[in-house]
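J.: pasting a predicted model and its sequence here:
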Amino acid sequence: MSITIKDIAKLAGVSRGTVDRALNNRGRISPEVKEKILKIASDNGYQKNVAASSLAKNKKIKIAIVLPNPELDVFWEAPLNGINSIKGFVQNYGMDMSFHYFDLKYENSYCSAMESAIESKPKAILVAPVFLKESQLFFRIAQQNDIPFVCINSEFEHKDVLCYVGQNSYQCGMLAGRLFDLSNPVKKTIVVLTLGHKVSNAIHIEKKVEGLSDFNKQNDSTFDIKYVAVEDFTNPEIIRSVTESIIKDVDNLHGIFFTNSRSHKFLNNNQLFAKYSKDIVIVGFDLLEENIEYLKKGDINFLLNQNPLKQGYLGVMNLFNYFVYNKEIPLKRYLPVDVVVAENYPEYLNQKHVSLELVI
């Protein structure tokens with residue numbers, strides 16, 4: 001039978017109110033008495049009834065979620081599913097979430113979503129800070145309002161970031177370099193292709209590029225690296241023009257490194273490129289249905305899975321542990337990046353759920 005506050009009070013020779021103040025770190029209490037109470041509680045395996053405590057206080061913890069709109073970019077369905085998988089559980093403890101979506105193509109849309117989130121006066125914000133400059137501005141505004149952050153997918157350095165959950169983007173670039181090197185170590189050219197982002201304003205893309213470049217230097221690899229960014233990836237004529245430029249201007253093309261989940265956008269109906277694809281190595285990201293189809297056909301050789309479902313799930317669970325359990329949470333929670341090929345992709349597609357993980 002577990003020890004109660006009444007039992008601790010009796011053993012310590014104090015009132016239950018004094019025990020409550022010591023266990024919840026509030027009110028005035030002498031350091032000696034507090035230490036005595038905490039020792040008795042610890043020695044006897046006391047566990048706080050978080051649910052009863054939270055419900056008794058009618059405590060509400062409002063969390064604002066700022067994510068790209070999954071209806072406009074299918075990749076973001078997975079983080080959202082991770083968040084929704086735990087939504088009902090955390091609501092039982094007084095944690096409510098409001099959602100603020102933005103269009104990944106427009107910085108202004110991101111700014112509007114961040115403004116809306118801050119104006120809702122949350123206890124914290126969970127955000128994918130995909131735009132570097134704009135995030136720097138809004139993190140300062142949030143800091144003035146005492147609103148901390150948990151970041152997913154894009155690592156962002158700021159003193160008010162409680163935690164980052166996601167891939168190590170720099171190591172993703174290093175991993176891509178290793179895959180290209182193993183595929184063919186002879187000197188050839190790697191095209192780094194970014195669709196829909198300005199590399200200079202997207203820290204997660206920038207880190208992937210940096211990782212690939214550093215692998216090349218640190219391992220005496222002999223790759224030449226050519227960087228190509230296509231902001232308007234929805235325009236077939238622009239895709240055609242970029243394809244023609246790569247085929248015409250790049251000597252000894254060995255591979256293409258797609259820095260985000262949109263490799264299928266480039267390969268789709270790209271007949272001009274199709275006849276060359278079997279001769280080069282293509283590394284992309286994320287297990288979208290369209291990407292899997294190209295993986296199965298052999299047009300994509302490797303997909304790097306960034307565990308987006310778990311990013312959303314663990315992002316919320318970190319906030320839950322921080323606000324409800326008063327736990328210290330890790331500043332960085334790097335998730336493993338899986339190398340997925342045509343032979344093993346079904347096992348990854350079967351991972352649709354995450355298990356309840358309260359202690360992180």
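T.: That came through fine.

J.: for the nearest residue to R262 once chain neighbours are set aside, give me its contacts.
T.: If the residues on either side of it in the chain are set aside, R262 comes closest to L195, at 4.2 Å by Cβ to Cβ, 6 or more residues apart in numbering. In this view, the C-beta of every residue, glycine as well, is placed from N, C-alpha and C. Contact analysis of L195 by Cβ atoms under 8 Å, 6 or more residues apart in numbering lists 230, 233, 258, 260, 262-263, 265-266.

J.: how about C151, secondary structure?
T.: Classification of C151 into helix, strand or coil gives strand, according to DSSP: H, G, I helix; E, B strand; the rest coil.

J.: need the contact list for it.
T.: Under the criterion of Cβ under 8 Å, 6+ apart, the contact partners of C151 comprise 126-129, 161, 163-166, 315.

J.: so of those residues, which ones are in strands?
T.: When the contacts of C151 are checked against strands using DSSP state E, the ones located there are 126-127, 161, 163-166.

J.: convert stretch 123-143 to CSV, retaining C-alpha atoms only.
T.: Taking Å, rounded to 0.1, in the frame of the first residue of the first chain, the C-alpha atoms of stretch 123-143 are listed here in CSV:
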residue,chain,number,x,y,z
LYS,A,123,1.5,28.2,-21.7
ALA,A,124,3.8,27.0,-24.5
ILE,A,125,4.0,26.6,-28.2
LEU,A,126,4.9,23.5,-30.2
VAL,A,127,6.2,24.6,-33.5
ALA,A,128,8.0,23.5,-36.7
PRO,A,129,10.2,26.6,-37.1
VAL,A,130,10.8,26.1,-40.8
PHE,A,131,11.6,29.8,-41.6
LEU,A,132,14.7,30.9,-39.8
LYS,A,133,14.5,34.7,-39.9
GLU,A,134,10.8,34.8,-39.1
SER,A,135,11.3,32.4,-36.2
GLN,A,136,14.0,34.5,-34.7
LEU,A,137,11.5,37.5,-34.6
PHE,A,138,8.6,35.6,-33.1
PHE,A,139,10.7,33.7,-30.6
ARG,A,140,11.8,37.2,-29.3
ILE,A,141,8.1,38.3,-29.1
ALA,A,142,7.1,35.1,-27.3
GLN,A,143,10.0,35.5,-24.9
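
J.: nearest to R333, of the contacts of L195?
T.: Distance to R333, by Cβ to Cβ, is smallest for N260 among those, at 20.9 Å.

J.: report pLDDT for the closest residue to that closest one other than its chain neighbours.
T.: When the adjacent residues along the chain are set aside, N260 lies closest to F285, with 5.7 Å between them (Cβ to Cβ, 6+ apart). Looking at F285, its pLDDT reads 96.

J.: before we move on, back to that, go through the contacts of L195 and flag which are in strands.
T.: 230, 258.

J.: which of the contacts of L195 has the weakest pLDDT?
T.: In terms of pLDDT, F233 ranks lowest among these, with 82.

J.: report the beta-bridge partners for the residue nearest to it when sequence neighbours are not counted.
T.: Counting by Cβ to Cβ, 6+ apart, F233 lies nearest to L195, which is 4.0 Å off, once chain neighbours are set aside. In this entry, L195 is beta-bridged to V230, by DSSP bridges.

J.: retrieve the pLDDT associated with L195.
T.: In this prediction, L195 carries a pLDDT score of 90.

J.: given the host helix or strand of L67, what are its sheet partners and their directions?
T.: In this assignment (DSSP states H and E), L67 forms part of strand 61-68. Taking DSSP bridges as the criterion, strand 61-68 pairs within the sheet with strand 95-102 (parallel), strand 124-127 (parallel).

J.: what sits up against it?
T.: So strand 61-68 is contacted by 75-76, 79-80, 83, 93-104, 110, 113-114, 117-118, 120-128, 130, 316, 319, 323-324 (Cβ under 8 Å, 6+ apart).

J.: off-centre distance for that strand?
T.: 14 Å (Cα atoms, centre = their mean, to the nearest Å).

J.: just checking, next helix/strand downstream of that strand?
T.: Counting by DSSP H and E, the next helix or strand C-terminal to strand 61-68 is helix 77-91.

J.: packing partners of that following helix?
T.: strand 61-68, strand 95-102, helix 308-323 (3 or more Cβ pairs under 8 Å, 6 or more residues apart in numbering; DSSP states H and E).

J.: give the buried residues for it.
T.: Neighbour counts using 16 or more other Cβ atoms under 10 Å place 78-83, 85-86, 90 of helix 77-91 among the buried residues.

J.: just stretch 165-178 next, same as before
T.: Neighbour counts over stretch 165-178 (16+ other Cβ under 10 Å) mark 165-177 as buried.
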